[in-house]
Each structure stands twice: as structure tokens, then as C-alpha cells.
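Asker: 3D, please:
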Amino acid sequence: MKTFALRLHPGQDLKQSLVAFSREHNLRAGFILTCVGSLSRAGLRLAARPETTIYEDTFEIVSLTGTLCPDGVHLHISISDGGGVTLGGHLQDGNIVRTTAELVIGELEGLSFSRPLDPQTGYDELVVTEQQPGGQASQE
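Answerer: This next block holds a predicted model:
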């Protein structure tokens with residue numbers, strides 16, 4: 001496994017920055033190990049809702065988890081406000097860093113993630129491909 005560490009600065013978009021980082025480093029099977037920081041604006045797609053909900057307040061990032069690959073990212077975030085109320089959902093564009101976002105990202109060597117459309121779910125779903133000795137690929 002390879003690891004990367006980075007810090008995002010005030011005003012940066014969390015999702016857009018992770019997509020750019022993934023492309024810049026050609027991540028084939030990336031995932032979030034940890035993230036701490038704060039947001040001034042959050043854009044989440046809540047469970048079973050098709051639209052993005054925007055929240056403007058001071059938020060702590062409680063958790064960020066997900067996968068990164070050339071086909072895109074699939075990330076879920078939990079945030080809490082000044083009263084400790086926590087909410088979470090699918091990370092969308094529009095999550096603006098307030099003071100910092102400190103991230104550690106891992107990449108699994110010998111694997112490749114892709115996200116083709118799954119006709120059963122109607123979403124781009126994860127496919128894991130492993131390189132076997134001799135260069136042959138097998139799907140998990």
C-alpha cells in the first residue's frame with residue numbers, strides 16, 4: 001500500500017480537490033484513511049434523495065470515507081455543528097473548507113477500481129480488478 005498526506009486550505013472544495021488529487025497522482029485503487037478539519041459550507045446528498053442539500057454554518061468533519069479511482073469518487077461524510085448535531089450523506093461538490101482539511105489517502109497496489117453503470121442498481125458501482133502474476137486481470 002502507498003500512502004499520501006495532504007492539507008486543504010480555506011476556500012477549497014473538498015470533493016473537487018480530492019478528484020483533482022486522484023487524477024494528479026493517477027490513483028487506481030485509492031481510499032480515504034482519515035480526514036479531520038472544518039467546513040463553512042456543506043453539500044450533501046442525503047439517503048434516498050436525488051438532490052443536493054446545502055448547509056451553511058461552522059462544521060467539524062467527524063468522518064470521511066470512500067474510494068477514489070479514475071472513473072470518479074464515492075465518498076460519504078459526517079459533519080457536526082456547534083451544538084454537536086451530526087448529519088451525514090454522500091459528499092457532493094460545494095463542501096468548502098473553513099480552516100483546514102487534513103487527509104491521509106491510501107492506494108492499494110496490484111488492484112484497480114472502476115465504476116461502470118450497474119443496471120441492477122442504476123448507479124455507477126465499484127468493480128475491483130486484481131492483477132494476477134503474468135499480467136492477467138481478474139475481477140472481484
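
Asker: going forward, measure contacts and count neighbours with C-alpha atoms only.
Answerer: Noted.

Asker: tell me the contacts of I79?
Answerer: Shown in contact with I79 (CA atoms under 8 Å, 6 or more residues apart in numbering): 59-63, 86-88.

Asker: er, P70 actually
Answerer: 22-23, 26-28, 113-114.

Asker: cool, L18 as well?
Answerer: Contacts of L18 (CA under 8 Å, 6+ apart): none.

Asker: which residue ranges form the strands in this protein?
Answerer: Ranges of strands in the chain, per DSSP state E, are 2-8, 30-45, 53-69, 72-80, 86-91, 96-107, 111-114, 117-118, 123-124, 127-131, 137-139.

Asker: and L14, which of those strands is closest to it?
Answerer: Among the strands of the chain, strand 96-107 comes nearest to L14, with 6.2 Å by CA to CA.

Asker: Flag every buried residue along that closest one.
Answerer: Residues 96-98, 100-101, 103, 105-107 are the ones in strand 96-107 that count as buried (16 or more other CA atoms under 10 Å).

Asker: Might you list the low-confidence residue ranges for this protein?
Answerer: Filtered on pLDDT under 70, the chain yields the residue ranges 132-140.

Asker: So which residue is smack in the middle of it?
Answerer: L75 (3.3 Å; CA atoms, centre = their mean).

Asker: Leaving out the residues flanking it, which one is nearest to it?
Answerer: The shortest distance from L75 to any residue other than its chain neighbours is 4.3 Å, reached at G66 (CA to CA, 6 or more residues apart in numbering).

Asker: Just give the nearest non-adjacent residue to G88, would you?
Answerer: S78 is the one closest to G88 (CA to CA, 6+ apart), at 4.1 Å.

Asker: Can you report how many residues neighbour that neighbour?
Answerer: Summarising burial for S78: neighbours were counted as other CA atoms under 10 Å, giving 18.

Asker: I61 is in contact with that one, correct?
Answerer: Yes - contact criterion CA atoms under 8 Å: S78 and I61 qualify, at 6.3 Å.
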